[in-house]
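Engineer: The following comprises the amino acid sequence and a computationally predicted model.
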Amino acid sequence: MRSDAVKKGIPAAPNRSLLYALGYTKEELERPLIGVVCSYNEIVPGHMNLDKIAEAVKAGVRAAGGTPMEFPAIAVCDGIAMGHVGMKYSLVTRDLIADSTEAMATAHQFDGLVMIPNCDKNVPGLLMAAARVNVPTIFVSGGPMLAGRLNDGRRTCLSHMFEAVGSYYAGKLDEAGVEEYENNACPTCGSCSGMYTANSMNCLTEAIGMGLRGNGTIPAVWSARLRLAKQAGMKIMELVEKDIRPRDIMTEAAFHNAETIDMALGCSTNTMLHLPAVAHECGIELSFDMANEISDKTPNLCHLAPAGDTYMEDLERAGGVYAVMAELAKVGLIDTSLPTCTGRTVAENLEEVVNRDQSIIRPIENPYSQTGGIAVLKGNLAPDGCVVKQSAVAPEMMVHEGPARVFNSEEEAIQAIYDGKIVAGDVVVIRYEGPKGGPGMREMLNPTSAIAGMGLDKDVALITDGRFSGATRGASIGHVSPEAASGGTIGLVEEGDRIAIDIPAHTITLKVDDATLAQRKSKWVCPEPKIKTGYLARYAKMVSSADKGAVLG
């Protein structure tokens, strides 16, 4: 066993003495040692139940003959961090999580790992660590939140809550109305109830083969979630015995499966950052161009919030991620021969899986659209690409042209929106918010929600070198690469320039001639860094562009 390095023979006697200090018995140390990486904390609603999940995992490990040893991973709540300097510290935790988990798992020589994440950067960070350490590993997440209900019985969620603020500033909702949303939008523990980033990534753990069936969809408050955790604890022992490792599962074909399922589900645009970053750790390159190739042939089968009015609990009742996979498998859109953490192939996992509600998961022959949920656009404004969740864009905004309204920070843009200075037809440009320029590539849920809440989501586009929450809807185009701080064209846009967006054609064009852009470029000076000390300053020096997954060099 890998753990023999810390528990076998006379040379390991000092190591054993420290393990005995923890209360472990000789019998426990003779079993495989399983690291249980738990992201429990008391600040993230999606993580407040993870102590219960960890206990269930450890029970499963013991039942199957292993010795579990728990250690922590950090997690940021993107909703609480939204709209202020704290959001600069969200994406960057993905690498802190990967680095610290790699360090703990390698320092203590575990034979296997069970990862217990739930929210946005926690899932990809632990997937990155799993690829680096490459010992048998399985994921079991905390599960999604249930949807809320307003006083009149309408269902609601966090994206409605953010949009309610925009409605308030537009005079469409009073303070009591805002309070009703805040008291009902998030009724339970769990990752927020729509197909936002956390739930997107948890669903993709199933799609790529690293999580058991239901990992992305069983609600946090259901007892089935605890049973799943026990099953994961037992299953890791099988993976250790058979020596099935993350890189055996997370192959190039598996990433293509994950991207295909991503398109069918209508996942968050943040998956276009996280999947390439995880693939990078596996020695695989996922390009933006491949995303469009997959999207162009993958029907969009689900319209969960914010694209529609259904929620994760509905997807679970309809058959979950496996039911979506089964629809795709009917026409050969995914590779069903691949191994998974169940110890079985994708095809074997999908045996007898049925779509129990075709209003939640559209059948393959009757999709919402013939193309996937995400599109990558290119043009002189974004030579290396940018990303839009096209499944959440109103039909009238799929093609749009308008004057640029230019802002050098999120704060400047949100104030202009709240002050009523953005009007129908505008194209809001927010720059110097990329991985390097932010630094940290903030999410822009506040401005997009304000635009939607004011009823302008069918009239106004927003473009940024930052990124968007999975809760964002409308013509919101992020990850513009190269970013402004790296000398990208987005840094040369001036107030009133015309910008043309054609999502079906995958193009985005700044209607300014090359000579004028060259003249502007000769005068361009990068602004002083917004943060010059600490982790973010180091991050800005090392991070790659968004189209490469914002990975650290």
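Structural biologist: Okay, I see it.

Engineer: for the longest strand that the chain contains, packing partners?
Structural biologist: The longest strand of the chain (DSSP state E) is strand 399-407. Packing contacts for strand 399-407, counted by 3 or more C-beta pairs under 8 Å, 6 or more residues apart in numbering; DSSP states H and E, involve helix 410-418, strand 427-430, strand 498-502. From N, CA and C alone the C-beta is placed, and that goes for glycine too.

Engineer: how about that strand: buried residues?
Structural biologist: Within strand 399-407, the residues that count as buried by 16 or more other C-beta atoms under 10 Å are His400, Gly402, Ala404, Arg405, Val406, Phe407.

Engineer: next one: stretch 274-284
Structural biologist: For stretch 274-284, by 16+ other C-beta under 10 Å, it's His274, Leu275, Pro276, Ala277, Val278, Ala279, His280, Glu281, Cys282, Ile284.

Engineer: hang on, the earlier thing: of the helices and strands packed on strand 399-407, flag the one that's most buried.
Structural biologist: strand 427-430 (a mean of 27; mean count of other C-beta atoms under 10 Å).

Engineer: picking that back up, from the buried residues of stretch 274-284, which is closest to Gln109?
Structural biologist: Glu281 (19.8 Å; C-beta to C-beta).

Engineer: Nearest to His108 among the buried residues of stretch 274-284?
Structural biologist: Glu281 (20.0 Å).

Engineer: Next, name the residue at the spatial heart of this structure.
Structural biologist: The residue lying closest to the centre of the chain (C-alpha atoms, centre = their mean) is Thr197, at 3.5 Å.

Engineer: That one reaches Ser268, doesn't it?
Structural biologist: Yes - with contacts counted by C-beta atoms under 8 Å, Thr197 reaches Ser268, the gap being 4.1 Å.

Engineer: Mutual contacts of these two, please.
Structural biologist: Shared contacts of Thr197 and Ser268 (C-beta atoms under 8 Å, 6 or more residues apart in numbering): Ser469, Gly470.

Engineer: circling back: send the alpha carbons of the longest strand of the chain over as CSV?
Structural biologist: The C-alpha trace of strand 399-407 is given here as CSV (Å, rounded to 0.1, in the frame of the first residue of the first chain):
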residue,chain,number,x,y,z
VAL,A,399,-27.9,39.1,-33.0
HIS,A,400,-27.3,42.6,-31.6
GLU,A,401,-25.4,45.8,-32.5
GLY,A,402,-25.1,48.9,-30.4
PRO,A,403,-22.9,51.7,-29.0
ALA,A,404,-20.3,50.8,-26.4
ARG,A,405,-20.7,52.1,-22.9
VAL,A,406,-17.2,51.7,-21.4
PHE,A,407,-16.3,51.1,-17.7
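
Engineer: Could you give the separation of it from the chain centroid?
Structural biologist: Remark: strand 399-407 is offset 27 Å from the chain centroid, using C-alpha atoms, centre = their mean, to the nearest Å.

Engineer: Each with direction, which strands does that strand pair with?
Structural biologist: strand 427-430 (parallel), strand 498-502 (antiparallel) (DSSP bridges).

Engineer: what pLDDT, on average, does the last one get?
Structural biologist: In other words, strand 498-502. Strand 498-502 shows a mean pLDDT of 98.

Engineer: try stretch 182-200
Structural biologist: Taken as a whole, stretch 182-200 carries a mean pLDDT of 97.

Engineer: And for stretch 408-427?
Structural biologist: 95.

Engineer: any low-confidence regions in the stretch 301-450 of the chain?
Structural biologist: Applying pLDDT under 70 to the stretch 301-450 of the chain flags no residue at all.

Engineer: how about the strands of it, start to end?
Structural biologist: Using DSSP state E, counting those that start in this stretch, the strands of the stretch 301-450 of the chain run over residues 375-379, 382-388, 399-407, 427-430.

Engineer: Tabulate those strands in JSON lines, adding columns for distance to Asp309.
Structural biologist: Formatted as JSON lines, the strands of the stretch 301-450 of the chain follow (distance: least, C-beta to C-beta, whole Å):
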{"stretch": "strand 375-379", "distance to Asp309": "23"}
{"stretch": "strand 382-388", "distance to Asp309": "21"}
{"stretch": "strand 399-407", "distance to Asp309": "24"}
{"stretch": "strand 427-430", "distance to Asp309": "26"}
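
Engineer: nearest to Tyr89, of these?
Structural biologist: strand 427-430 (18.6 Å).

Engineer: Run through the stretch 1-150 of the chain and note the low-pLDDT ranges.
Structural biologist: Using pLDDT under 70, the stretch 1-150 of the chain has no residue that qualifies.

Engineer: Let me see the ranges of the helices in it.
Structural biologist: Taking DSSP state H, counting those that start in this stretch, the helices of the stretch 1-150 of the chain run over residues 13-21, 26-29, 50-63, 78-81, 93-107, 122-133.

Engineer: Of the ones you listed, which stretch is the most buried?
Structural biologist: The most buried one of the helices of the stretch 1-150 of the chain (mean count of other C-beta under 10 Å) is helix 122-133, showing a mean of 28.

Engineer: Packing partners of that one?
Structural biologist: helix 93-107, strand 112-116, strand 137-139, helix 197-208, helix 246-249, helix 271-281.

Engineer: could you give the angle of it to helix 93-107?
Structural biologist: Counting by axes from the mean of the first three to the mean of the last three C-alpha atoms, to 10 degrees, helix 122-133 points 40 degrees away from the direction of helix 93-107.

Engineer: Centre of the chain to helix 122-133, how far?
Structural biologist: The answer for helix 122-133 is 13 Å, by C-alpha atoms, centre = their mean.

Engineer: Keeping just the C-alphas, turn that helix into CSV.
Structural biologist: Extracted in CSV, the C-alpha atoms of helix 122-133 (Å, rounded to 0.1, in the frame of the first residue of the first chain):
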residue,chain,number,x,y,z
ASN,A,122,-14.2,23.9,-4.5
VAL,A,123,-15.3,21.2,-7.0
PRO,A,124,-12.8,22.1,-9.8
GLY,A,125,-10.0,22.7,-7.2
LEU,A,126,-10.4,19.3,-5.8
LEU,A,127,-10.7,17.7,-9.3
MET,A,128,-7.4,19.4,-10.1
ALA,A,129,-5.9,18.0,-6.9
ALA,A,130,-7.2,14.5,-7.7
ALA,A,131,-5.5,14.6,-11.1
ARG,A,132,-2.2,15.8,-9.6
VAL,A,133,-2.1,13.2,-6.8
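
Engineer: nearest to Leu173, of the helices of the stretch 1-150 of the chain?
Structural biologist: Nearest to Leu173, of all the helices of the stretch 1-150 of the chain, is helix 78-81, at 19.2 Å by C-beta to C-beta.

Engineer: any idea how far Asn380 is from Leu517?
Structural biologist: 7 Å (C-beta to C-beta, to the nearest Å).

Engineer: Could you tell me which residues touch both of those two?
Structural biologist: Thr489, Leu510.

Engineer: And the pLDDT at Ser469?
Structural biologist: For Ser469, the predicted pLDDT is 88.

Engineer: how many neighbours does the closest residue to it other than its chain neighbours have?
Structural biologist: Excluding the flanking residues, the one nearest Ser469 by C-beta to C-beta, 6 or more residues apart in numbering is Leu445, at 3.8 Å. For Leu445, the count of nearby residues is 27 (other C-beta atoms under 10 Å).

Engineer: which residues does Leu445 contact?
Structural biologist: Met82, Gly83, Phe162, Phe468, Ser469, Ala471, Thr472.

Engineer: and if you look at Asn134?
Structural biologist: Arg245, Pro246, Arg247.

Engineer: Show me which of the residues you listed is closest to Met441.
Structural biologist: Checking these one by one against Met441 (C-beta to C-beta), the nearest turns out to be Pro246, at 25.8 Å.

Engineer: give the contact list for the closest one.
Structural biologist: Contacts of Pro246 by C-beta under 8 Å, 6+ apart are Ala130, Ala131, Val133, Asn134, Pro136, Thr137, Met210, Cys282.

Engineer: Just put these in CSV and tack on distance to Leu462.
Structural biologist: Supplementary listing: the contacts of Pro246 in CSV, determined by distance: C-beta to C-beta, whole Å:
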residue, distance to Leu462
Ala130, 34
Ala131, 33
Val133, 39
Asn134, 40
Pro136, 43
Thr137, 38
Met210, 33
Cys282, 33
